[in-house]
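Asker: Using only what follows, build the 3D model:
(2 chains)
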Amino acid sequence: MPTGPLVYRQRLITRITHWVWAVSLFFLMLTGLQIFNAHPSLHIGKEAGFQYDNAILEIGARQDGDTLVGVTRLFGAEFDTTGVLGVSNGEPRAIPAALTIPSYQSLATGRAIHFFFAWALVGTLALWLAASALNGHFRQLLPTLSDLRALPRDIADHARLRFHHGASYGVLQKLAYASVLFLALPLMILTGLSMSPGFNAAAPWLLELFQGRQTARTIHFLTMLALIAFFAVHMAMILLAGPLNEMRSILTGWYRTDGEKDV
Amino acid sequence: MFDRRKFLLGSTAAALSGCKIFDSAGRSDSHLRALFASHEGLTRSAQRALIGDALAPEFSEADIRQGQRPNGSTDPVDASYRQMAQSAFRDYRLTVTGLVETPQTLSLADLTTLPSRTQITRHDCVEGWSCIAKWQGVPLGTVLTLAKPKLTARYAVFHCFDAIERSLSGEVFYYESIDLIDAYHPQTILAYAMNGAPLPVANGAPLRLRVERQLGYKMAKYVHTIELTDSLATLGFGKGSYWADRGYERYAGI
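Answerer: Model prediction:
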């Protein structure tokens, strides 16, 4: 544990928006997988090919004698994924019940919850962007030139699980948070809107940008996987860097920094 | 002090339990569902404000790479419908009724002599897939203008030949509704042709609705009656559409 002074590191608006995002992303992911189950394929292009093949991922079930086999086809290669994808608990089902909200198949319910939390995410992200532009939080997240020079050392320190507890974020931390807030979440929102036939009328340029509605849907799915990867690393870093100190910081704003003997 | 590990284990368990704790949101009478469904009004207002009269994207002939995928009802069993289908819909009549000054009864020949609109558009199913096809038909606005809607009219309701389910009280025929903003939008047409040929039965012959800025379930197939009304309360369970009565949004712009 660091032994230096407590510093006030996260403002109230940052803490509140952080937790709204955490809750929203939890629901968005599990209802998103519910929605995905209604058409468990990902395509490249403007439409879904039924009389031609433009799928990069397809999850389905196939009867093989007496048994139901879950089949996942990724870039043309087939995998038997019985028990997890395609067939789970003996039922044909792309994503298993444990990973969808509701647990049973209900596209209508999945959609209602998904759009509710999409609004929560967009609203709080807009609020946070406005507040951060005003209070200078942006500068704390964007890596400076000296940060980038320290990048190799920061990577080496992380590889040795040697963490620094400073009043400001380390460069890898800045890059991780900035790429979620300025890249992944905006990408999620824009690809989501690209799937809306109403929004397509308002902003047809979005379809041009993402090369078609089905490609946008595929990018939406892949960005979800990237956010899960971020979440896994985020949790690991909290546990390794001192969970009590990290939790106090994101709940109360106060963070204990390294003292002289910690460095 | 807050025990981080217990918290993490707790939330992992919640995630692994199939999230059954949120299953009550699937019940139409639950408070949770009402809370989540509240997004619909916000979504509709935001989209209406953003979109205005803008057109849905239209595509080129080269984008038509396959037939239009039939979905939902594909072969109505209604006796009067089957009889009409056998004689190429010569006896088909579209009725325009309700809050109108001059109710109309139009044959397919009447409809095809009215000025038509042809558009290559993308059909987006609520399930997630899309399909591009060319649609030709008469703008709904033209037909409504013939019937002269009364000032009190607010919605156009579509009654269809296809019975999508059999309930205790008999067959439930498909019904759908749109407001007059969408009804008079230039791309909202009553289509009688698809990809250069008469509309096939599987895709809604002889007449189906196209509402290009919303999802596929809004685009009622096998339409026989258009009713103008000021309230949707007495239609189905009161939500204004077969699928809205079953938990989906009536405004399907997203």
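Asker: And the residue of the stretch 51-200 of chain A that's closest to chain B?
Answerer: residue A:198 (2.6 Å; Cβ to the nearest Cβ). Backbone N, C-alpha and C define where each C-beta goes, glycine included.
Asker: Sticking with that residue, tell me its helix or strand.
Answerer: Using DSSP states H and E, residue A:198 sits in helix A:197-202.
Asker: and that helix, average pLDDT?
Answerer: Taken as a whole, helix A:197-202 carries a mean pLDDT of 98.
Asker: Nearest spatial neighbour of the residue of the stretch 51-200 of chain A closest to chain B, chain-adjacent residues omitted?
Answerer: residue B:253 (2.6 Å; Cβ to Cβ, 6 or more residues apart in numbering or on different chains).
Asker: Provide a list of residues in contact with the one you found.
Answerer: A:196-199, B:43-44, B:47, B:51, B:213-215 (Cβ atoms under 8 Å, 6 or more residues apart in numbering or on different chains).
Asker: Do I have it right that residue A:14 meets residue A:136?
Answerer: No: contact between residue A:14 and residue A:136 fails when scored by Cβ atoms under 8 Å: they sit 11.8 Å apart.
Asker: Looking at the two, which has the bigger crowd around it?
Answerer: residue A:14 (17 against 8; other Cβ atoms under 10 Å in any protein chain shown).
Asker: For residue B:159, name its beta-bridge partners.
Answerer: Legend: beta-bridge partners of residue B:159 under DSSP bridges are residue B:175, residue B:225.
Asker: confidence score at it?
Answerer: For residue B:159, the predicted pLDDT is 98.
Asker: repeat for the one 3 residues further on
Answerer: At residue B:162 the predicted local confidence, pLDDT, stands at 95.
Asker: Now do the buried residues in the helix or strand encompassing it.
Answerer: Per DSSP H and E: residue B:162 is located in strand B:155-167. Neighbour-count burial for strand B:155-167 flags B:155-164 (criterion: 16 or more other Cβ atoms under 10 Å in any protein chain shown).
Asker: With respect to residue A:88, which of the residues you listed is nearest?
Answerer: residue B:164 (29.1 Å; Cβ to Cβ).
Asker: How much space separates the closest one from chain A?
Answerer: 15 Å (Cβ to the nearest Cβ, to the nearest Å).
Asker: same question, residue B:46
Answerer: From residue B:46 to chain A the distance is 9 Å (Cβ to the nearest Cβ).
Asker: Walk me through which strands the lengthiest strand in chain A pairs with, and which way each runs.
Answerer: Of all the elements of type strand in chain A, the one with the most residues (DSSP state E) is strand A:55-64. With DSSP bridges as the test, strand A:55-64 is paired with strand A:41-43 (antiparallel), strand A:67-74 (antiparallel).
Asker: Return the set of buried residues in whichever strand or helix holds residue A:138.
Answerer: Per DSSP H and E: residue A:138 is located in helix A:137-141. For helix A:137-141, the neighbour count (16+ other Cβ under 10 Å) marks A:137, A:140-141 as buried.
Asker: got it, and stretch A:37-44?
Answerer: Neighbour-count burial for stretch A:37-44 flags A:37-43 (criterion: 16+ other Cβ under 10 Å).
Asker: if you skip the residues just before and after it, what's nearest to the most centrally placed residue in chain A?
Answerer: Closest residue to the average C-alpha location of chain A: residue A:227 at 2.2 Å, with Cα atoms, centre = their mean. Take residue A:227 and drop its neighbours on the chain: the residue closest to it by Cβ to Cβ, 6+ apart is residue A:184, 5.7 Å away.
Asker: Let me know how buried that neighbour is, in neighbour terms.
Answerer: 15.
Asker: thinking it is in contact with residue A:224, fair?
Answerer: No: Residue A:184 sits out of contact with residue A:224 when judged by Cβ under 8 Å, with a separation of 9.2 Å.
Asker: Can you show me the helices along the chain?
Answerer: No chain was given, so I picked chain A. A:12-36, A:107-135, A:137-141, A:145-149, A:151-159, A:171-178, A:185-194, A:197-202, A:204-210, A:213-241, A:243-252 (DSSP state H).
Asker: oops, chain B please
Answerer: Using DSSP H, helices in chain B cover B:4-16, B:31-37, B:39-51, B:79-86, B:108-113, B:140-147, B:180-183.
Asker: Which positions within stretch B:48-68 qualify as buried?
Answerer: For stretch B:48-68, by 16+ other Cβ under 10 Å, it's B:51, B:55-59, B:63-64, B:68.
Asker: now those in CSV, with pLDDT and distance to chain A?
Answerer: Shown next, in CSV, are the buried residues of stretch B:48-68 (pLDDT from 0 to 100; distance: Cβ to the nearest Cβ, whole Å):
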residue, pLDDT, distance to chain A
B:51, 95, 5
B:55, 98, 6
B:56, 98, 5
B:57, 98, 5
B:58, 98, 10
B:59, 98, 7
B:63, 98, 6
B:64, 98, 9
B:68, 97, 10
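Asker: Include distance to residue A:172 when you put these into CSV, please.
Answerer: Below are those laid out as CSV (distance: Cβ to Cβ, whole Å):
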residue, distance to residue A:172
B:51, 42
B:55, 47
B:56, 44
B:57, 41
B:58, 47
B:59, 44
B:63, 44
B:64, 49
B:68, 50
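Asker: if we can go back for a sec, ok, the residue nearest to residue A:198 to residue A:82 distance?
Answerer: 39 Å (Cβ to Cβ, to the nearest Å).
Asker: Now the terminal residues of stretch B:214-226, how far apart.
Answerer: Length of stretch B:214-226, first residue to last, Cα to Cα, to the nearest Å: 19 Å.
Asker: cool, stretch B:208-225 as well?
Answerer: End to end - Cα to Cα - stretch B:208-225 spans 11 Å.
Asker: Okay, buried residues for it please.
Answerer: B:208-225.
Asker: Next, the contact list for residue A:166, please.
Answerer: Taking Cβ under 8 Å, 6+ apart as the definition, contacts of residue A:166 comprise A:257-258.
Asker: Nothing else from me, thank you.
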